[in-house]
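Peer 1: sequence-free structure coming up:
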Ligand SMILES: NC(=O)c1ccc[n+]([C@@H]2O[C@H](COP(=O)([O-])OP(=O)(O)OC[C@H]3O[C@@H](n4cnc5c(N)ncnc54)[C@H](OP(=O)(O)O)[C@@H]3O)[C@@H](O)[C@H]2O)c1
């Protein structure tokens, strides 16, 4: 099978594209024919070694996939050959990655894709939306009626945070660039504050008269000195980005209001937590309420280029979708009001056919 893999940790051009022996499935595994995969910030950290996790070489890169079931072990009941499925937790902790024609996925990490949902939509939102679900539920413990501040609301994780928080019944104050204000409102944010406004913290408070119940920073700004005074009693700050930030914490103000700060990484999530997130993601995908803002298509053979662009910060709100050559898409035309993600022409790359109807080749 063809795969994008590394034989040593290193820069994007350490990624090779070529033949590897197909993986063997165990009794509780499902063998998946991959249609699409993607590239996240964390995939570049795994590839470079910036984040250390057990890998064996040759190591297939990538975390997320959408494809069809090719075979299911006796301990993976309920998965039928030909069924469309997705996964967002390969490529770390000893598991090989998703950027290959065939991937063996443990059954408890694999979810069915609802009918009609474009594969590119699912693969593009799987990681940011699962991150948002963990931030809101496991770590932020957000409840209906609460006020949630989302910092970085125009980004991949931030926009998913807005959609999922609104779905929980929370009121969202988005902190985003002025150019993203309309986008954040279209996702359901009640108010948007420009992150470049020197008075941004005061403006957030103007929109949060009872104080902020959860402050979630998906931009890695981590200005806890500004965030703590905004918090209501028992308010929570959730941090998930900004590896090297060293913010100043107003400790007294934090503990005198029973407030707390929680950090997390999706790579530490349990399979039960990921499955819980997957149920919400599937429901919102099927309803057409969770979609990537923009998709940039590349063939799987361009995985190194996709890593380079992600690492160089060239994606600007686009999600790269890497298409496996020859994979047959079962994606029908857009449903539920979803806008079809027609592959744009990018950098002279060989592009897959548009999602034009049943049986389109991607
Ligand atoms: N802990 C975890 O489990 C986990 C999981 C997934 C991702 N992450 C991390 O989450 C971060 C975000 O990922 P992403 O894919 O959402 O990135 P992204 O799409 O680039 O989004 C980042 C957003 O933050 C905005 N921003 C930049 N500076 C800001 C500021 N000072 N205040 C408010 N917003 C600001 C950006 O706006 P502009 O366009 O104006 O710059 C952009 O919209 C990354 O660091 C990633 O590694 C962590």
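Peer 2: Everything's here; your move. Please read all numbers here as calculations on a predicted model, not as lab measurements.

Peer 1: so where is the chain shaky, pLDDT-wise?
Peer 2: For the chain, residues meeting the criterion pLDDT under 70 lie at 328-362.

Peer 1: Break it into its domains for me.
Peer 2: Domain assignment for the chain, taken from automatic domain parsing, gives 2-117+288-323, 127-267.

Peer 1: Tell me the span between the first and last residue of the longest one.
Peer 2: Domain 2-117+288-323 has an end-to-end distance of 12 Å (criterion: C-alpha to C-alpha, to the nearest Å).

Peer 1: where does the one residue in the stretch 51-200 of the chain that gets nearest to the ligand sit relative to residue 200, distance-wise?
Peer 2: Among all residues of the stretch 51-200 of the chain, residue 155 sits closest to the ligand, at 1.9 Å; criterion: C-beta to the nearest ligand atom. To be clear about C-beta, it is placed using only N, CA and C from the backbone, and glycine gets the same treatment. As judged by C-beta to C-beta, to the nearest Å, residue 155 and residue 200 stand 16 Å apart.

Peer 1: more neighbours, these two?
Peer 2: Applying other C-beta atoms under 10 Å to residue 155 and residue 200 shows that residue 155 carries more neighbours, namely 20 against 17.

Peer 1: What strand or helix carries residue 201?
Peer 2: Using DSSP states H and E, residue 201 maps to helix 200-206.

Peer 1: what's the next helix or strand after that helix in contact with?
Peer 2: Later in the chain than helix 200-206, the nearest helix or strand by DSSP H and E is strand 212-217. The contact list for strand 212-217 (C-beta atoms under 8 Å, 6 or more residues apart in numbering) reads 135-136, 140-143, 146-152, 161, 170, 173, 204-205, 223, 227, 230-232, 234-242.

Peer 1: Can you classify residue 184 by secondary structure?
Peer 2: Under DSSP: H, G, I helix; E, B strand; the rest coil, residue 184 falls in the helix class.

Peer 1: Neighbours of it, how many?
Peer 2: For residue 184, the neighbour count with other C-beta under 10 Å is 25.

Peer 1: hang on, it packs against residue 153?
Peer 2: Yes - with contacts counted by C-beta atoms under 8 Å, residue 184 reaches residue 153, the gap being 4.8 Å.

Peer 1: picking up where we left off before, got a list of what the closest residue to the residue of the stretch 51-200 of the chain closest to the ligand other than its chain neighbours touches?
Peer 2: Spatial nearest neighbour of residue 155, excluding adjacent residues (C-beta to C-beta, 6 or more residues apart in numbering): residue 218 at 6.0 Å. By C-beta under 8 Å, 6+ apart, the contact list for residue 218 reads 131-132, 135, 150-153, 155, 157-158, 161, 240-241.

Peer 1: can you do 6 Å?
Peer 2: 152, 155, 157-158, 161 (C-beta atoms under 6 Å, 6 or more residues apart in numbering).
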